[in-house]
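# how would this look folded up:
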Amino acid sequence: MFFGGGLDFPCILANSELLKFANPRAPLYGHLSSVDSSSTVMRLTWISGDGKPQYVHYGDGKLALSAVATFTPNDLCGSFVNPAVNFGWHNPGFIHTALLDGLLPSKSYPYKYGSDEVGWSTATNFSTPPAAGSNELTFITYGDMGKAERDGFGEHYIQPGALQVIDSVEREVHAGKINMILHIGDISYATGFLAEWDFFLEMIGPVASRVPYMTAIGNHERDFPNSGSYYEGLDSGGECGVPYEMYFQMPVNGKDKPWYSIEHGPVHFTIMSTEHPWDIGSDQFKWIKSDLASVDRKRTPWLIFAGHRPQYSSLEGGFIFSTIIPAVDVHFRSVIEPLLLFYQVDLALWGHVHNYERTCAVNNSQCLNYPIRDHGGFDNYKSSMYSAPVHVIIGMSGFELDSFITMAKSWSLVRISKFGYVRVHATTGKILVQFKLPDGRIADQFSISRF
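All right, here's what the predicted structure looks like:
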């Protein structure tokens, strides 16, 4: 249909003939994730209009068969007035997932997926990440990306920075030096308009089809009243984490328990859900404590902790919206922060607030260590003994940016309200963190090292 009259007075001006998909069963949107820390098995997930099992041809004649699942409105938790089960519902088709085993770490493999019956994807290559305990890892991380349409089409929720950031990330991935992506919450911002998951999966395809795309859950994937989420907002539009967990199958602790850990190179990643109960005595709290205690620093000398809602932000009460719904839950910080200090987390990554902010090595709002700045303006958190985690907010990859309008806190060292992403290079002796703008310029960089 062709509409006129704008959004205020829409009217149908003309109808086209019925348009049909050339192949409604085609395999689409293949994206990878790590299964464990060995880097010898990868998971490939894709969408198709056909519910029969399909295949992945990969490597030198290897073959993997898909498991198939889907979801219906009955699996979601919204009521009739919420989009996910009503005016935002979109049939997801069938979600295929296959385990690609027999791989070697840090290797590239050709692959394609589909079947002779429904057709095959374009052949491409994926790369496995380095195994746990190896000497080096390079990954890109960000939160709050969402999506936008290249033709300028306006959906209900557009994230203006998404395309320029993902295009820049794609250039880095295609250069062959990125081992994985970590997206920490607020993934697609579909918020109950389920067709927008397809738009997002298509947008990240050039990246997520080549390296593992690891994720953490955010409020816009999970939160809904009386659904088991810790916060009772309407932020997921009634999705309640179901599409997220189907599309992004992480090595989690069970259904609706989307916390996990994984090791690649010299880094142990502990990924929590800020949207599920985390109070002392909860399943997640017990798991976080156990996971942090299990880290072998001889194998993975660096410990990175990630979740969606931050423990520190200059915007915790700086503007009217955050006065009503604070960006920082002080109780959350009081419960989880002692674990970060006790188990010596090196770097804590957060999203939710739509800007970039870096702290000193901080605990209980007090700086325990400051970086040493060299003549080139490069900050190095360097000490002979552990002090506290460095916290970095990285929610600047797509959603409309939040401006800094408050005075800087004593623990806030760098505050930048620009779109971009973070590139991390870890060796056994140092972590280098760079905040990169879409044009490739470095807006902030620092390192963490101990001697």
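# hey, let's count contacts and neighbours off CA atoms from now on
Will do.
# Return the set of residues that bridge with the spatially most central residue of the chain.
Taking Cα atoms, centre = their mean, the centroid of the chain lies closest to His183, which sits 1.7 Å from it. Counting by DSSP bridges, His183 is bridged to Tyr142, Thr215.
# pretty sure it is touching Ala208, no?
No: if you go by Cα atoms under 8 Å, His183 and Ala208 don't touch, sitting 11.0 Å apart.
# Wait, a helix at Lys291?
Careful, residue 291 is Asp and not Lys. Yes: counting by DSSP: H, G, I helix; E, B strand; the rest coil, Asp291 is found in a helix.
# neighbours of it, just the number please.
For Asp291, the neighbour count with other Cα atoms under 10 Å is 16.
# so what's it scoring on pLDDT?
Here the pLDDT value assigned to Asp291 is 98.
# Then Ser322?
50.
# Ok, Asp374 next?
So Asp374 comes in at 83 (pLDDT).
# Let me see the contact set for it.
With Cα atoms under 8 Å, 6 or more residues apart in numbering as the criterion, no residue contacts Asp374.
# Same check on the one 5 residues further on?
When contacts are counted by Cα under 8 Å, 6+ apart, Asp379 touches 371-373, 445-447.
# can you give me the offset of stretch 443-451 from its chain's centre?
Offset of stretch 443-451 from its chain centre (Cα atoms, centre = their mean, to the nearest Å): 23 Å.
# Export that stretch to CSV, keeping only CA atoms.
Extracted as CSV, the C-alpha positions of stretch 443-451 are listed here (Å, rounded to 0.1, in the frame of the first residue of the first chain):
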residue,chain,number,x,y,z
ALA,A,443,38.3,8.9,21.6
ASP,A,444,39.7,7.3,24.7
GLN,A,445,42.2,4.6,25.5
PHE,A,446,43.8,3.1,28.6
SER,A,447,45.6,0.0,29.7
ILE,A,448,45.6,-2.2,32.8
SER,A,449,48.8,-3.9,33.8
ARG,A,450,50.5,-5.3,36.9
PHE,A,451,54.2,-5.7,37.5
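# Make residue 1 into 383 and carry on from there
New numbering, starting at 383: the last item is stretch 825-833.
# which parts of that stretch are buried?
By 16 or more other Cα atoms under 10 Å, the buried positions in stretch 825-833 come out as 826-831.
# Same check on stretch 633-648?
633-634, 638, 640-648.
# Let me see the mean pLDDT of that stretch.
Mean pLDDT, stretch 633-648: 97.
# Then stretch 517-534?
94.
# Now it: buried residues?
So for stretch 517-534, counting by 16+ other Cα under 10 Å, buried means 517-531.
# Name the nearest of these relative to Phe384.
Closest approach between the buried residues of stretch 517-534 and Phe384, by Cα to Cα: Glu531, at 18.4 Å.
# A strand includes that closest one, no?
No: read with three-state DSSP, Glu531 is coil and lies in no strand.
# Contact partners for it?
Neighbouring residues of Glu531 by Cα under 8 Å, 6+ apart: 545, 581.
# And it, how close does it get to Pro409?
21 Å (Cα to Cα, to the nearest Å).
# hang on, the earlier thing: keep only those of the buried residues of stretch 825-833 that are in helices.
Among the buried residues of stretch 825-833, none falls in helices (DSSP state H).
# Tabulate these (a markdown table), appending pLDDT and distance to His538.
Listed next are the buried residues of stretch 825-833 as a markdown table, based on pLDDT from 0 to 100; distance: Cα to Cα, whole Å:
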| residue | pLDDT | distance to His538 |
| --- | --- | --- |
| Asp826 | 97 | 33 |
| Gln827 | 97 | 35 |
| Phe828 | 97 | 37 |
| Ser829 | 97 | 40 |
| Ile830 | 97 | 41 |
| Ser831 | 94 | 45 |
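# Restricted to strands, list the residues you listed.
Mapping these onto strands (DSSP state E) picks out 826-831.
# is it true that Val450 lies in a strand?
Yes: per three-state DSSP, Val450 lies within a strand segment.
# Quick one: end-to-end distance for stretch 483-500.
Termini of stretch 483-500 sit 24 Å apart (Cα to Cα).
# tell me the mean pLDDT over that stretch?
pLDDT averaged over stretch 483-500 gives 98.
# same question, stretch 765-778
Averaged across stretch 765-778, pLDDT comes to 95.
# So which bits of it are buried?
768-778.
# What of stretch 437-446?
437-441, 445-446.
# Do me a favour and get the end-to-end distance for that stretch?
First residue to last in stretch 437-446 (Cα to Cα) measures 6 Å.
# Please enumerate residues in contact with that stretch?
447-448, 480-482, 491-497.
# Please apply the same query to stretch 721-735.
Here stretch 721-735 has contacts from 524-526, 566-568, 600, 671, 674-675, 684-693, 695, 697, 709, 745, 768-778, 784, 830, using Cα under 8 Å, 6+ apart.
# could you list every residue that touches Ile662?
668, 717.
# got a pLDDT number for Ile787?
pLDDT at Ile787 comes out at 75.
# That one: which element?
Ile787 belongs to no helix or strand when elements are defined using DSSP states H and E.
# quick revisit: quickly name whichever of the contacts of stretch 437-446 is closest to Asn561.
The closest of these to Asn561 turns out to be Tyr491 (Cα to Cα; 13.6 Å).
# Sheet-wise, list the partners of whichever strand or helix holds Arg805 with their directions.
If you go by DSSP H and E, Arg805 is part of strand 803-809. Strands that pair with strand 803-809, judged by DSSP bridges, come out as strand 518-524 (antiparallel), strand 812-818 (antiparallel).
# Beyond the helix or strand of the chain with the lowest mean pLDDT, next helix or strand please.
Least confident helix or strand, the chain: helix 702-706 with a mean of 50, by mean pLDDT, DSSP states H and E. Counting by DSSP H and E, the next helix or strand C-terminal to helix 702-706 is helix 712-724.
# Quick one: mean pLDDT over that next one.
98.
# just stretch 397-416 next, same as before
92.
# how long is it from one end to the other?
46 Å.
# What of stretch 806-815?
By Cα to Cα, the extent of stretch 806-815 from end to end equals 5 Å.
# Also stretch 440-459?
End-to-end distance of stretch 440-459: 38 Å, with Cα to Cα as the criterion.
# what's the answer for stretch 719-729, then?
End to end - Cα to Cα - stretch 719-729 spans 12 Å.
# Nearest to Ala396, out of the strands paired with strand 803-809?
That would be strand 518-524 among these, by Cα to Cα, at 42.5 Å.
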